[in-house]
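Colleague: sequence first, then the predicted structure, then my questions.
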Amino acid sequence: MTGYRLAVCAEMVFLDLPFPERVTRIAELGFEAEMWTWAGKDIDALVKTGATISSMTGYLTGALAEPEGAEVLLRTARQSLEVAEQLNCPRLNLHGTGLDDRGLPVVPAAVVTPRMWLTAARTLTRLAALGERAGRTFTLENLNTAVDHPGTPFARAADTLALVEAVGSPHLRLNLDLYHAQIGEGNLIELIERALPFIGEIQVADVPGRQEPGTGEIHYPAIAAALRRFGYQGVVALEGWASTDAPTALRRFREAFSGS
């Protein structure tokens with residue numbers, strides 16, 4: 001038996017289908033669904049699928065650590081909360097700065113200064129207050145800067161965890177992405193144990209290639225066993241591409257985390 005639930009990012013599988021149909025297929029296979037930005041999506045059609053949307057991006061543009069960018073982020077976070085209410089989506093995901101369509105930071109940072117840390121913590125505190133009023137939780141995701149997101153500030157899991165701890169609100173949690181953490185830091189099981197009290201969600205994909213478990217170097221059955229041992233009760237989400245076809249990828253994902 002597992003205490004956690006499984007979800008799949010609809011942005012990365014069933015790519016030949018319209019987005020609402022991807023969500024429907026994911027739900028039919030017994031998973032919760034996740035999505036990135038809500039902009040440009042048919043929200044009414046997503047509601048009609050009846051699927052559980054467990055996470056979505058919580059802003060459109062903006063940045064945590066720059067005052068003007070923080071105001072933009074907060075404004076678009078309020079818009080995102082309205083969409084999350086329509087979808088009954090409990091978690092809204094954040095990054096250190098806005099990302100473009102290639103995953104590159106809109107406001108790159110070669111050096112993160114003490115002032116940027118302070119501004120980021122203050123911005124996240126305000127976001128947590130928004131989440132509390134709306135009954136939702138914002139999650140701050142770690143990213144890797146070596147392969148996918150060079151120049152992103154507050155990218156390492158150590159950085160995102162420090163910010164979440166500093167804010168100290170149950171409405172700001174860590175989205176611990178193990179694909180990114182393996183590239184940037186490694187030592188995944190110890191990282192999970194250290195971060196466990198602050199984790200709102202765990203995302204997975206294998207390294208290299210960002211595909212489903214079993215295609216790379218991470219031994220995800222060992223990760224799954226550790227999550228059961230630690231008593232993790234949240235969501236584990238596949239945020240990865242299918243190495244062959246989506247049904248096979250989702251089957252391999254489920255098998256890696258089934259506990260059998």
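Modeller: Received the coordinates, thanks.

Colleague: all the strands of the stretch 101-250 of the chain, in order from the start?
Modeller: With DSSP state E, counting those that start in this stretch as the criterion, the stretch 101-250 of the chain has strands at 137-141, 172-177, 199-204, 235-238.

Colleague: what strands flank the shortest one, and is each parallel or antiparallel?
Modeller: Read it as strand 235-238. Partner strands and pairing direction for strand 235-238 (DSSP bridges) are strand 5-9 (parallel), strand 199-204 (parallel).

Colleague: distance to residue 25, mean neighbour count and mean pLDDT added to those, as JSON lines?
Modeller: For the C-beta atoms, the positions are set from N, CA and C on the backbone; glycine is no exception. As requested, the strands paired with strand 235-238 are exported to JSON lines (distance: least, CB to CB, whole Å; neighbours: other CB atoms under 10 Å; pLDDT from 0 to 100):
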{"stretch": "strand 5-9", "distance to residue 25": "9", "mean neighbour count": "23", "mean pLDDT": "98"}
{"stretch": "strand 199-204", "distance to residue 25": "19", "mean neighbour count": "24", "mean pLDDT": "98"}
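
Colleague: closest to residue 74 out of these?
Modeller: Residue 74 lies closest to strand 199-204 among the strands paired with strand 235-238, at 19.2 Å (CB to CB).

Colleague: can I get the closest one as CSV, trimmed to CA atoms?
Modeller: Extracted in CSV, the C-alpha atoms of strand 199-204 (Å, rounded to 0.1, in the frame of the first residue of the first chain):
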residue,chain,number,x,y,z
ILE,A,199,6.9,19.3,0.7
GLY,A,200,3.6,20.1,-1.0
GLU,A,201,4.2,17.8,-4.0
ILE,A,202,6.9,15.7,-5.6
GLN,A,203,7.5,15.6,-9.3
VAL,A,204,9.5,12.9,-11.1
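
Colleague: got TSV for the strands of the stretch 101-250 of the chain, with distance to residue 215 too?
Modeller: Shown next, in TSV, are these (distance: least, CB to CB, whole Å):
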stretch	distance to residue 215
strand 137-141	22
strand 172-177	16
strand 199-204	12
strand 235-238	12
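
Colleague: among those strands, which is nearest residue 9?
Modeller: Using CB to CB, these put strand 235-238 closest to residue 9, at 6.2 Å.

Colleague: if we go by neighbour counts, what in stretch 210-222 is buried?
Modeller: For stretch 210-222, the neighbour count (16 or more other CB atoms under 10 Å) marks 210, 211, 212, 213, 214, 215, 216, 218, 220, 221 as buried.

Colleague: who's in contact with residue 72?
Modeller: Counting by CB atoms under 8 Å, 6 or more residues apart in numbering, residue 72 makes contact with 61, 62, 63.

Colleague: send me the helix or strand harbouring it as CSV with only the CA atoms.
Modeller: In this structure, residue 72 sits in helix 67-87 according to DSSP states H and E. C-alpha atoms of helix 67-87 as CSV (Å, rounded to 0.1, in the frame of the first residue of the first chain):
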residue,chain,number,x,y,z
PRO,A,67,10.0,44.8,-6.8
GLU,A,68,8.3,45.7,-10.0
GLY,A,69,8.3,42.1,-11.2
ALA,A,70,7.0,41.0,-7.8
GLU,A,71,3.9,43.2,-8.2
VAL,A,72,3.3,41.7,-11.7
LEU,A,73,3.6,38.2,-10.3
LEU,A,74,1.2,39.0,-7.4
ARG,A,75,-1.3,40.4,-9.8
THR,A,76,-1.2,37.4,-12.2
ALA,A,77,-1.3,35.1,-9.1
ARG,A,78,-4.6,36.6,-8.2
GLN,A,79,-5.9,35.8,-11.7
SER,A,80,-4.5,32.3,-11.4
LEU,A,81,-6.3,31.8,-8.1
GLU,A,82,-9.6,32.6,-9.8
VAL,A,83,-9.0,29.9,-12.4
ALA,A,84,-7.9,27.5,-9.7
GLU,A,85,-11.2,28.0,-8.0
GLN,A,86,-13.0,27.1,-11.2
LEU,A,87,-10.9,24.0,-11.6
